[in-house]
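Enquirer: give me the fold of what follows.
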Amino acid sequence: MFSLPTGGAQITSFMWNDRDCSALNYYVCEKFQNEEAVVDPWKNECNKSLVLTQQHPSAVITSPGFPRPYPDNIECIMEISAPTSYRLLLDFEELVLEDEPTCSYDYLEIMEPVSGGGNNANDAGNSNSNNSVAAEPTATAAKRRRRLCGDWSSKLKLLRHTSNGSRMVLHFSTDYSHHYGGFKARVSMRNVKQCHDDRLQVFYDSCYLVVSYPEVTWSTANQICEGIKAHLASVLSPEEETFVSTSIRKNSEYRLGALYWLGAVENTDGRFSWIDENPMVFTNWFPPTHLLSSPRKNSTARQHCLSIQWTPSQSRSYPSGLYWRSHKCDATGGYVCKRSREDLNTVRNFSRVVNGTQGRISSPNFPEHYQNDLEFTVRIISPPRFRIVIEFDRIDLEYQPACLYDYVELISLKRGKEDKESGVKLCGSYDTDMHRFDHVSSGNEMTIKFHSDYSISGSGFSLRWRAVDVSACPFQTLTSKEGLIVSPNFPFFILPNLNCSITVLAPTKKRVWLEFLDFDVSENLQSKNSISQSEFIGVEIDLGTELALIQPYQTEGLVTEGAFVSNREVLKIHFRTNDSPSGKGFKARYRIVEPVEEKRVISLRPETAGALRHLNYPAAPPGNVNFLQHLIAPIGHVIYLELYNVKLKESECSDQRGLIEVYDMYADTNGTVWKLCFEETLSKSPMAITSYVNTLCFRQKSGPLGFPFNGSLQIHNDSHFKEKLRKHHQSAVDFCEPNPCEHAGKCVSNANKSFCQCNGHFAGLFCGLTKCELNPCIFGTCELTGNNYKCHCEQGYNGPNCESKQKPCENNPCENRGVCIEKGTNFHCQCHAWWEGPRCDKRMLHIPFKPLSQRMLEEPFWLGLITVTVVMGVIGLFWCAKRHFPEKIEKLLAEESERSRSNLPSLRTSLREQLAASSASTVTVIPSP
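Expert: Below is the predicted model of the structure:
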């Protein structure tokens, strides 16, 4: 501390600062006011003895002052003992001491009397840790010792120590500096048969766990019990019932009225049965019943499960207590788990040796939980010159960053010895992207080790293994007429560290044709800048020339890549991989040929654009080869070629290079052929050719010197392809292999011609159109159905393709509810009674009232009848008047005359007389002048 402030003028107090420890400074001392000596509070924690009994079966031991850092310069001795028939189990909850390779500074030493030979199995596993564990040789020590130091926070389970006897001594020693957090451990005693868990209680040959909280349903409780390799408890005797009831009531979280699930469920007949398949020979219902089933009478649709619950009683015959009760399985409550005890001396041996070429291996009890304290190995032996491939289906092991608790380890064997450097250790839980755990042995033998500790188990692991033939590595010679060449383990993934050489030998004066069918070798493996052949990683081809070896698929954008022909009777393939290859490898087909007349189909993608080169590129073009390449683009695209150093053939090519033929069958009625010769000088403009549809062929017919072909290719969209397909929808196709027919069409050949037999509603050339795209509906719209089409005709047309003009009344528009009357191109419906509407499609629901006179005037029938009646009436009147009226008038006049005569006799004359008198009047004659 400085005597004056070191800061600015505003600072008025002293400040801390660091100085060298050898500097001379003032100092400050401190002591208690009562002047009593400082007492170490930890001294009572050292040099003590613990005796474990059945009443006190466990205890906690810690470093002095824990959880504060331990003091310097202490020596603590703690002696622990238990009854003779028990062992001591030490589980650490924390251990952080000063780290040192030999554990000679601060350390905790575990000592026990030597009882027979051999070390604790747990000790062997600790040697893999980076923390220090020192053990003195038992031959020179009277006690078995184990010394610990360092930080074990991430791997405390490895410190578990089980004594060979009933006594143990802990020696804790520290030096004068560097004190850390110390340690905390729980020590407990275990019988030879024990339950591996302090929470479990022993009754005869079973271990029981009583859980009061959290409360869960019956199915959840059973799943929790299965997680610790147990099941809901079955009660098979009165003694076991008493033990279970006592354990429940002694539980610190027990409350009156709470239910606890047992391991029985109700059957369809209303009786209960134990899920562990034990017979139900004992019951404890309330009130007691001689039946081995629930006294519940009214069964419901929901299943019931068995529980035990406090039941009060008013009867002295049946005192209150814990009795069996039936509850719905979705009710919640505590539960009682039960499992068998395990003998500490019992060794479960699952180790074995497996021979063959494939198989499956899984952890014990998979997919259920594996047991604790397992240690076994499976050795796989495959035939010589094979390698073993491991593929995991699932891994579910307890996780630890370094896989020190539960793990599965894969180790290759070389000459019968384990190759630790190539081994891999796995743990954790994985069920997706399992290919990342694929493993390949370095030889034909492999060991699979499985280890589990004393707690926390999972489902385990499941894997498939198979033996892969690597007889081509290092050398293999093929002499058959034809065959396939595949990389080891194709089509799955490339094996690491391969060095394979395959030689194909042909008879004299014959050659070897090689065509790659599949090639997937990653760029980091397919090296482009190899310094020498011995350093090359990837695939190389030797065509039997003195030139450099060919590395296939190294020219970017080369469309014609993948086909080669040897120049002599020998062709070699070299394949080398590193320790981390990627890809699935390659598959190739070879054939012995003479002469070389081959055909190859190249399928192109819509975005393809690249180069066209001669066979064997980048090597020199081979001579005397007739090689046809068939280019096929997707439907709706055309192929555009640009060819360099060529000219149209006007006569036979004069040199010995040969020629190129480009053939487009669909460009004309009989197709179009371009025949091209080689030209030494590069022309200013290339030869451009565009296919009519999506296919084009070009043939390399090379002479003795070979044809150095050079060109480029592009795929363009064809906006008129549907019109082209409609125009040629009945034309033949050029080939049937590969199948050119789209949409599951079938290519059939008949009379030297091939056609596409289309499926469903597809039609046209290559089955590339739908039947509606052929415009079959003349006056209508087309709709596709499952396997055909349907025409929706315009008004006034009908027929399958809407080709016929329709009469207005042809389709019975009035639907028999009226009479259809044609009116030009339209119709009129004269509806029957009770119907109305333009098509007589509406029924009269409310008929309006009309007087009879109005209805008679509106209805045609009555109008006609009235007209006829009136006319007939008029005619009748005229007829009657003409026939009867003159007589009546004469009679009337006669009567009138008679009446007049009676009054005037002298003047009485008859009408006839008057008429006669009038007719006999004087006639006056006027003479002519």
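
Enquirer: looking at this structure, which helix or strand does the model trust least?
Expert: Within the chain, confidence by mean pLDDT, DSSP states H and E is lowest for helix 121-126 among all helices and strands, at a mean of 39.

Enquirer: residue 505 touches residue 566, doesn't it?
Expert: No: counting by Cβ atoms under 8 Å, residue 566 is not a contact partner of residue 505; they are 10.2 Å apart. C-betas here are computed from N, CA, C, even on glycine.

Enquirer: out of those two, which sits in the busier spot?
Expert: Under the criterion of other Cβ atoms under 10 Å, the comparison of residue 505 against residue 566 puts residue 566 first, with 26 against 15.

Enquirer: just checking, that one touches residue 544?
Expert: Yes: contact between residue 566 and residue 544 holds when scored by Cβ under 8 Å: they sit 4.9 Å apart.

Enquirer: phi, psi of the residue nearest the centre of the chain?
Expert: Nearest to the geometric centre of the chain sits residue 432, at 9.2 Å (Cα atoms, centre = their mean). Reported as degrees, to the nearest 10, the phi and psi values for residue 432 are phi -130, psi 160.

Enquirer: what helix or strand is the nearest residue to residue 593 once chain neighbours are set aside located in?
Expert: Counting by Cβ to Cβ, 6 or more residues apart in numbering, the nearest residue to residue 593 once its immediate chain neighbours are dropped is residue 513, at 4.8 Å. Using DSSP states H and E, residue 513 falls within strand 511-520.

Enquirer: from the contact counts, what lies against the following helix or strand past that strand?
Expert: Reading on from strand 511-520 to the C-terminus, the next helix or strand found by DSSP H and E is strand 538-542. Counting contacts by 3 or more Cβ pairs under 8 Å, 6 or more residues apart in numbering; DSSP states H and E, strand 538-542 packs against strand 570-576.

Enquirer: check which strands are paired with the next helix-or-strand element following the strand it packs on and give the direction for each one.
Expert: Sequence order places strand 585-593 as the next helix or strand after strand 570-576, per DSSP H and E. Applying DSSP bridges to the sheet, strand 585-593 is found paired with strand 482-486 (antiparallel), strand 511-520 (antiparallel).

Enquirer: list the buried ones in whatever helix or strand residue 145 lives in?
Expert: Residue 145 is part of strand 143-148, with elements assigned from DSSP H and E. Of the residues in strand 143-148, those buried by neighbour count under the rule 16 or more other Cβ atoms under 10 Å are 144-148.

Enquirer: I'd like the average pLDDT over it.
Expert: Here strand 143-148 scores 82 as its mean pLDDT.

Enquirer: just give me how far that strand sits from the chain centre.
Expert: Strand 143-148 has its average C-alpha position 53 Å from the chain's average C-alpha position, going by Cα atoms, centre = their mean, to the nearest Å.

Enquirer: can you tell me which helix in the chain is longest?
Expert: Using DSSP state H to assign secondary structure, the helix with the most residues in the chain is helix 860-903.

Enquirer: what helices or strands is it leaning on?
Expert: Against helix 860-903 (3+ Cβ pairs under 8 Å, 6+ apart) you get helix 852-858, helix 911-919.

Enquirer: so residue 257 sits against residue 312, correct?
Expert: No: under the criterion of Cβ under 8 Å, residue 257 is not in contact with residue 312, lying 9.3 Å apart.

Enquirer: shared neighbours of the two, anything?
Expert: Here residue 257 and residue 312 have no joint contacts, going by Cβ atoms under 8 Å, 6 or more residues apart in numbering.

Enquirer: returning to what we had before: between the helices and strands packed on helix 860-903, which has the poorest mean confidence score?
Expert: Looking across these, the weakest by mean pLDDT turns out to be helix 911-919, at a mean of 51.

Enquirer: how about low-confidence regions in the stretch 651-800 of the chain?
Expert: In the prediction, the stretch 651-800 of the chain carries residues with pLDDT under 70 at positions 651, 682-684.

Enquirer: residue ranges for the helices of it, please.
Expert: Shown for the stretch 651-800 of the chain, the helices assigned by DSSP state H, counting those that start in this stretch span residues 721-727.

Enquirer: can you show me the strands along it?
Expert: Remark: strands of the stretch 651-800 of the chain, listed N- to C-terminal, are 658-664, 672-678, 687-690, 695-702, 710-717, 746-750, 753-757, 762-763, 769-770, 780-784, 789-793, 797-798; assignment by DSSP state E, counting those that start in this stretch.

Enquirer: may I have the second one as PDB, with CA atoms only?
Expert: Included here for strand 672-678 are C-alpha records, laid out as PDB according to Å, rounded to 0.1, in the frame of the first residue of the first chain:
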ATOM      1  CA  THR A 672     -30.900 -35.100 -91.100                       C
ATOM      2  CA  VAL A 673     -27.300 -36.100 -91.100                       C
ATOM      3  CA  TRP A 674     -24.200 -33.800 -91.000                       C
ATOM      4  CA  LYS A 675     -20.900 -35.500 -92.000                       C
ATOM      5  CA  LEU A 676     -17.800 -33.500 -90.900                       C
ATOM      6  CA  CYS A 677     -14.100 -33.900 -91.600                       C
ATOM      7  CA  PHE A 678     -11.200 -32.700 -89.500                       C
END
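
Enquirer: please consider this matter closed, and thank you.
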